[in-house]
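K.L.:
Here is the input, now give the coordinates:
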Amino acid sequence: MTKGNPFELEVEAELKSLPVINDFITEAMERLEADSLTIYKVQLAVEEACTNIIQHGYSGRKGAIKILCKLVDSEFTVTIRDRGKPFDPRSAPPPDLGTDLDKRKVGGLGIYFMRKLMDEMSYSFDAVNGNQLTMRKRLTCTGRSTSD
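P.N.:
Numbers count the residues shown, from 1 in each chain. This next block holds a predicted model:
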């Protein structure tokens, strides 16, 4: 992947596709000479988003997830598209991190991590194109995250 040239993947919306998605993100970011910590952060954010799509968006139904990665200026942009149930992750309330672990409900941290790991997140939905989640990570000229 070079500046402005997209890197694309389409997989079935199944949990067994997550390793393929992780490898795809790694390959795309390694082409930009991103450091391992930045790659890990983007992988984790994308994995959380795709897991939510698989488990909640499609809820066991068959479907596809399309991922597009590109570098624009110094921003590594990941766009994830699906046709599952609409859900704007920006509308999710922040988790209550002050509650004891044994009293906290299971789940609910994925979107929190996505927000913390990436620099920007946007979402759109329309009946023709479905869901589109775009996440951005600013990189330095060496491929390192600017937020480290």
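
K.L.:
pLDDT wise, what is the residue nearest the centre of the chain at?
P.N.:
Taking C-alpha atoms, centre = their mean, the centroid of the chain lies closest to V46, which sits 2.5 Å from it. Per-residue confidence for V46 comes out at a pLDDT of 98.

K.L.:
Next one: it from I21, what distance?
P.N.:
Distance of V46 to I21, given as C-beta to C-beta, to the nearest Å: 6 Å. Quick note: C-beta positions are derived from backbone N, CA and C, even for glycine.

K.L.:
what touches both of the two?
P.N.:
Applying C-beta atoms under 8 Å, 6 or more residues apart in numbering, one finds that V46 and I21 are jointly contacted by I67.

K.L.:
For the lowest-mean-pLDDT helix or strand in the chain, list every residue counted as buried.
P.N.:
For the chain, counting by mean pLDDT, DSSP states H and E, helix 110-117 ranks last in confidence among helices and strands (a mean of 89). Neighbour counts using 16 or more other C-beta atoms under 10 Å place 110-115, 117 of helix 110-117 among the buried residues.

K.L.:
Which helix runs longest in this structure?
P.N.:
When every helix of the chain is counted residue by residue (DSSP state H), the longest turns out to be helix 36-52.

K.L.:
Mind listing residues that contact the helix or strand just after that helix?
P.N.:
Scanning the chain past helix 36-52 towards its C-terminal end, the next helix or strand to appear is strand 64-72 (assignment: DSSP states H and E). Strand 64-72 is contacted by residues 1-13, 17, 21, 24-25, 28-29, 32, 46, 50, 53-54, 76-83, 139 when judged by C-beta under 8 Å, 6+ apart.

K.L.:
What pairs with strand 64-72, parallel or antiparallel?
P.N.:
In the sheet containing strand 64-72, the strands it pairs with under DSSP bridges are strand 7-12 (antiparallel), strand 75-82 (antiparallel).

K.L.:
Tell me which of these sits most buried.
P.N.:
strand 75-82 (a mean of 20; mean count of other C-beta atoms under 10 Å).

K.L.:
So what's the gap between the least confident helix or strand of the chain and the chain middle?
P.N.:
In this view, helix 110-117 has its centroid 9 Å away from the chain centroid, taken as C-alpha atoms, centre = their mean, to the nearest Å.
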